[in-house]
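Undergrad: Any chance you could fold what I've pasted below:
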Amino acid sequence: MDQPASAGSDLGFVHLFEPGVGPWTLLLLHGTGGDEHDLIGLGRRLAPGAALVSPRGKVLEDGMPRFFRRLAVGRLDIPDLLERTDELADFLEAAVRAHRLDPGRVVAVGFSNGANIAVSLLLRRSGLLRGALLLRPMLPYEPELVPDLTGTDVLVATGEGDVHSPAEQTARLVEILRDAGAAVTASTEPGAGHALTAGDLARSARWLTDLMGPTA
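TA: Residues are numbered from 1 along each chain as shown. So this is what the prediction gives:
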């Protein structure tokens, strides 16, 4: 397998691209303080045959990369989030063209801040993603219009004791996604906080295998 190679920022984001051996692609979206390298190992573990596209968030918070600004913990800068969502969507469309990927087989894998902008991609640019693995998300905002997510598969993975992803918010997120027509699997890891566990990873790998097939 080819080693990850930096594609620079020619598509608007500093990012890594690693080719796969099948038709599927994972869009890897790191959490606060991560970068384009952060989820490469996770992506390869979860879907060994998938291509990987891993951008670095452009916003810095105390020197730590993020995908959009926040006013405080739990208080998001919504206008910035919407602008950054469109920017990320444009990047993904450009990356699909540049790397000759199948636009109908892209699955976002987002953790924390990355999961939140993946939610915004689903709500704001429906049809862009075939699926989304949302690891420790919150509901970033209530959509003004319910998108059409028919044919989109989503896994929402929360931790029982995660103070950053309140249960009422994630329950509302699941409700919105289901109302939009998405096929949503919701899981809560007993005793877990914001950090991922072995149980999260095993469940995520099974979900991706069911969606993409065993060779992805």
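Undergrad: per-residue pLDDT, the spatially closest residue to residue 12 that is not a sequence neighbour?
TA: In space, residue 12 comes closest to residue 91 once its chain neighbours are excluded; the distance is 4.8 Å by CB to CB, 6 or more residues apart in numbering. C-betas here are computed from N, CA, C, even on glycine. We have a pLDDT of 97 for residue 91.
Undergrad: Residue 91 against residue 17, yeah?
TA: No. Counting by CB atoms under 8 Å, residue 17 is not a contact partner of residue 91; they are 11.7 Å apart.
Undergrad: what residues are up against the residue nearest to residue 12?
TA: Residue 91 makes contacts with 11-13, 15, 55, as judged by CB atoms under 8 Å, 6 or more residues apart in numbering.
Undergrad: ditto for residue 202
TA: Residue 202 neighbours (CB under 8 Å, 6+ apart): none.
Undergrad: And for residue 187?
TA: By CB under 8 Å, 6+ apart, the contact set of residue 187 is 155-158, 200, 203.
Undergrad: Any buried residues in the helix or strand containing it, and which?
TA: Using DSSP states H and E, residue 187 maps to strand 183-189. For strand 183-189, the neighbour count (16 or more other CB atoms under 10 Å) marks 184-186, 188-189 as buried.
Undergrad: Need the max-distance pair from these.
TA: Maximum pairwise distance in the buried residues of strand 183-189, criterion CB to CB, is 16.6 Å, between 184 and 189.
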